[in-house]
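>>> this is a predicted model, with the sequence first.
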Amino acid sequence: MTNSNADEIYAAVRARYATAATSLRQEGTGCCGPGGCGGAETFDEAGFGNRLYTVADREAIPADAVAASLGCGNPTAVAELRTGETVLDLGSGGGIDVLLSARRVGPDGKAYGLDMTDEMLDLARANAAEAGARNVEFLKGAIESIPLPDAAVDVVISNCVINLSPDKSAVFAETFRVLRPGGRFGVTDVVAEDHLTLADRLARGDYAGCIAGALTMAEYRAGLAAAGFTEIELIPTHQVAPEMHSAIVKAVKPR
């Protein structure tokens, strides 16, 4: 992939999610998945959206954070967060996973959210203020170059965002870098069945819609292993496009 191609992908992703955030703040609802921007019910039917969270989770945080959930799963449900831990959410959007993580790690822990879109960061910070969350911090930046020092967090989560990156090897390397020894990687993401070619994936959806940029299951495992991760697990959960699935992905940074 050329730098020009990567720049085009970043621009398309940023524009799509900026539009989603702006729409939500203006209209009180909004989402953006493979089918485009529209009502939450349509979005959820495609295998994306806030109904992938429990009712208890949705009722625990501001409505705008819930409505802005554009992911394909619930990473906080699989990350096994513990009191006092520090967690980082890659591509934090409207902040739903950061706010839920902050509740799980408690006042002695901390939850960071990282996003490259100013409109989403504004929305997330407003949601955190409404929730009264004091142990959260939202950072602007790219998931390929995380603005945190080495060994800064115990857990990295993400909700259907890594597939959007044009440089996933950089994402895996940066994630490994910021995790402490023994730290955990627990994300939800879109993956393709191993026989699908890049052309097959492109035919099923665009990059900004979380489809064209998805790795195959074998590619995902190989990418994490190349970065140094062990105990890699990849469990498909539901279909989001023909022969493409939302999946739970777990791994560990060795001690």
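Received, thanks. Numbers count the residues shown, from 1 in each chain.
>>> the stretch 151-255 of the chain: helices as residue ranges?
Using DSSP state H, counting those that start in this stretch, the helices assigned to the stretch 151-255 of the chain run over residues 168-178, 198-204, 217-227.
>>> off-centre distance for the second one?
What that stands for is helix 198-204. Distance of helix 198-204 from its chain centroid, counting by C-alpha atoms, centre = their mean, to the nearest Å, is 21 Å.
>>> against which helices or strands is it packed?
Packing contacts for helix 198-204, counted by 3 or more C-beta pairs under 8 Å, 6 or more residues apart in numbering; DSSP states H and E, involve no helix or strand. Just so you know, the C-beta spots here come from the backbone N, C-alpha and C atoms, and that holds for glycine as well.
>>> list of residues touching it?
Ala192, Ile211, Ala212, Gly213, Ala214, Ala241, Pro242, Glu243, Met244 (C-beta atoms under 8 Å, 6 or more residues apart in numbering).
>>> tell me, how many residues neighbour the second one?
Using other C-beta atoms under 10 Å, Ile211 has 21 other residues around it.
>>> mind checking how far the residue nearest to it when sequence neighbours are not counted is from Gly71?
Leaving aside its chain neighbours, Ile211 sits nearest to Gly205 (2.8 Å; criterion: C-beta to C-beta, 6 or more residues apart in numbering). Separation of Gly205 from Gly71 (C-beta to C-beta, to the nearest Å): 15 Å.
>>> re the thing from before, reformat the contacts of helix 198-204 as CSV; add pLDDT and distance to Arg255.
Formatted as CSV, the contacts of helix 198-204 follow (pLDDT from 0 to 100; distance: C-beta to C-beta, whole Å):
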residue, pLDDT, distance to Arg255
Ala192, 97, 32
Ile211, 90, 36
Ala212, 89, 37
Gly213, 92, 32
Ala214, 95, 31
Ala241, 92, 38
Pro242, 95, 41
Glu243, 96, 37
Met244, 95, 34
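>>> tell me which two in those residues are the farthest apart.
Greatest spacing in the contacts of helix 198-204, by C-beta to C-beta: Gly213 and Pro242 (16.5 Å).
>>> in terms of mean pLDDT, which of the helices of the stretch 151-255 of the chain ranks lowest?
In terms of average pLDDT, helix 198-204 trails the rest of the helices of the stretch 151-255 of the chain, at a mean of 94.
>>> buried sites along it?
Asp200, Arg201, Arg204 (16 or more other C-beta atoms under 10 Å).
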